[in-house]
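[1] Using only what follows, build the 3D model:
(one chain, ligands or ions: 1)
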Amino acid sequence: MKIFLDTGNINEIRDAASMGILDGVTTNPSLVAKENRNFKELLKEICSVVNGDISAEVVSTELDGMMREARELAKLDDKIVVKVPLIKEGLKAVRCLKAEGIRTNVTLCFSPNQALLAAKAGAYIISPFVGRLDDISSSGMELVHQILTIYDNYGFETQVLVASIRHPMHVVEAAMMGAHIGTMPYAVFTQLVKHPLTDIGLERFLSDWKKLQK
Ligand code: E4P
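    From the prediction side, this is the model:
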């Protein structure tokens, strides 16, 4: 499974990229707004640091505006994947952008039918938001399972990106199900490497080794 960071923070991205296991980045308008930087400059910097797909979202909600924004974003770098909301106009945009060779990440997916339509429109990536579904007592991971089954049934090539990840168990479940990508906040990414028994074991090895040096 590819591991993406869900952030607009360049320091977090640099740190994760330095580990050599970062496959891409997703941003959204809320994450970018937190950084208080020029959007395009920020995207260019992210593209210079990460070797993988970088999702950047349009904010228009009608076709013409989405197309205009998408073309501008795609021009910035070959790594850019344009994020489009899962609404009627968004699906139209996905179809038109695919015809122009621009890859899309269809975002804010909360149902298997929405995911089916996105794949039929030609989405490069579909983003089911698992955490936000869990928040309203609906199973986010069940949605991922449904989408993977539907895509497998019909051989759709759209990649399933598990979004709105809140904790390491979401990552485990996504990987067990065979999702293509998991995008997560930096805090969850850093939790993946940690285990208390690793820390205890290492401390013991080092203190035993020190005794030998006496
Ligand atoms: C995905 O691309 C979205 O940016 C993100 O995962 C949303 O997560 P949230 O529900 O934690 O805001």
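
[2] Under a three-state scheme, what state does the residue nearest to the spatial centre of the chain occupy?
    The residue lying closest to the centre of the chain (Cα atoms, centre = their mean) is T183, at 3.5 Å. Following DSSP: H, G, I helix; E, B strand; the rest coil, T183 is assigned to strand.

[3] Any figure for the gap between it and the ligand?
    Counting by Cβ to the nearest ligand atom, to the nearest Å, the separation of T183 from the ligand is 5 Å. In short, each C-beta sits where N, CA and C put it, glycine included.

[4] Then V84?
    Counting by Cβ to the nearest ligand atom, the gap from V84 to the ligand is 12 Å.

[5] cool, and L43?
    As judged by Cβ to the nearest ligand atom, L43 and the ligand stand 14 Å apart.

[6] Same check on V193?
    Using Cβ to the nearest ligand atom, one obtains 20 Å as the distance from V193 to the ligand.

[7] what number of residues lie near that residue?
    By other Cβ atoms under 10 Å, 10 other residues sit near V193.

[8] so who does M67 touch?
    By Cβ atoms under 8 Å, 6 or more residues apart in numbering, the residues touching M67 are 93, 96-97.

[9] I meant L91, not that one.
    Contacts of L91 by Cβ under 8 Å, 6+ apart are 106, 117-118, 121.

[10] just checking, it is part of a helix?
    Yes - per three-state DSSP, L91 lies within a helix segment.

[11] picking that back up, got the phi/psi numbers for the residue nearest to the residue nearest to the centre of the chain when sequence neighbours are not counted?
    Leaving aside its sequence neighbours, T183 sits nearest to F4 (Cβ to Cβ, 6 or more residues apart in numbering; 3.9 Å). Main-chain torsions, F4, degrees, to the nearest 10: phi -110, psi 150.

[12] In terms of helix, strand or coil, where does T107 fall?
    Going by three-state DSSP: T107 is strand.

[13] which residues does it form a beta bridge with?
    P85 (DSSP bridges).

[14] Just give me how far the longest helix along the chain sits from the chain centre.
    Ranked by residue count under DSSP state H, the longest helix found in the chain is helix 196-212. Chain-centre distance of helix 196-212: 36 Å, with Cα atoms, centre = their mean, to the nearest Å.

[15] Likewise for stretch 180-188?
    Averaging C-alpha positions (Cα atoms, centre = their mean) puts stretch 180-188 7 Å from its chain's average.

[16] Mind listing what's buried along it?
    Judged by neighbour count (16 or more other Cβ atoms under 10 Å), stretch 180-188 contains these buried residues: 180-186, 188.

[17] go on, stretch 55-75?
    In terms of neighbour count (16+ other Cβ under 10 Å), stretch 55-75 has its buried residues at 55-58, 60, 63, 66-67, 69-70, 73-74.

[18] Please list the members of the residues you listed that lie in strands.
    With strands defined by DSSP state E, the entries of the buried residues of stretch 55-75 inside them are 55-57.
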